[in-house]
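# sequence below, structure please.
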Amino acid sequence: MYRIGQSVDIHALVSHRKLILGGVEIPHDKGLKGHSDADALLHAVIESIIGALGKGDIGKHFPDTDEQYRGISSMILLEKTYQMMIDEGYEISNLDALILIEKPKMAPHIPQMKMNIAKVLHCDEDRINVKATRGESLGFVGQEQGVEAHCVVMLKKRG
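This is a model prediction of the structure:
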């Protein structure tokens with residue numbers, strides 16, 4: 001049995017925060033605003049898995065009103081989501097994610113992002129795809145006001 005989930009996550013770019021995407025700290029003069037580390041890529045991955053399981057959304061499981069999640073690494077949240085997936089009897093078939101960000105370039109960081117995600121989800125890296133594109137100076141992404149991440153995941157029943 002297969003299940004598909006998809007998600008979009010958006011965070012504002014602000015001063016005095018680290019830019020963390022896919023569990024990678026990326027040198028930049030701005031970072032993402034949020035309750036946790038605000039890793040928009042991992043938030044989209046997490047929520048797509050939760051959605052595929054039919055378990056609601058990221059806010060239901062990791063609410064931004066809960067102090068235990070203040071500043072938490074989204075890699076830890078992904079680990080908790082992986083356990084939820086395993087508890088339900090599923091594994092990753094494949095995952096495809098997209099980062100929309102004007103600057104900086106993501107290409108040098110994507111291999112590490114893929115490795116981080118595959119390691120936590122206990123799957124081969126060839127099941128994980130991460131890509132990035134720019135906003136071409138249009139909208140909040142193009143004007144460097146924020147970052148948007150999309151993810152589609154297919155889970156398959158373990159067995």
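# residues near the closest residue to Pro104 other than its chain neighbours, how many?
Leaving aside its sequence neighbours, Pro104 sits nearest to His28 (C-beta to C-beta, 6 or more residues apart in numbering; 5.3 Å). Placement of C-beta: from N, CA and C, glycine included. Using other C-beta atoms under 10 Å, His28 has 16 neighbouring residues.
# contact partners for the most centrally placed residue in the chain?
Geometric centre of the chain, nearest residue: Leu42, 1.7 Å, by C-alpha atoms, centre = their mean. Neighbour list for Leu42: 21-23, 74-75, 77-78, 117 [criterion: C-beta atoms under 8 Å, 6 or more residues apart in numbering].
# closest to Val141 out of those residues?
Distance to Val141, by C-beta to C-beta, is smallest for Leu21 among the contacts of Leu42, at 13.3 Å.
# beta-bridge partners for His150, please?
Val8, Leu98 (DSSP bridges).
# report the contact partners of it.
6-8, 44, 97-98, 100.
# filter the residues you listed to the buried ones?
Burial by neighbour count, 16 or more other C-beta atoms under 10 Å: within the contacts of His150 this picks out 7, 44, 97-98, 100.
# I'd like these laid out as CSV, including pLDDT.
Shown next, in CSV, are the buried ones among the contacts of His150 (pLDDT from 0 to 100):
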residue, pLDDT
Ser7, 98
Ala44, 98
Ala97, 98
Leu98, 98
Leu100, 98
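# shouldn't the residue nearest to the centre of the chain be within a strand?
No - using DSSP: H, G, I helix; E, B strand; the rest coil, the assignment for Leu42 is helix, not a strand.
# alright, calling it a day.
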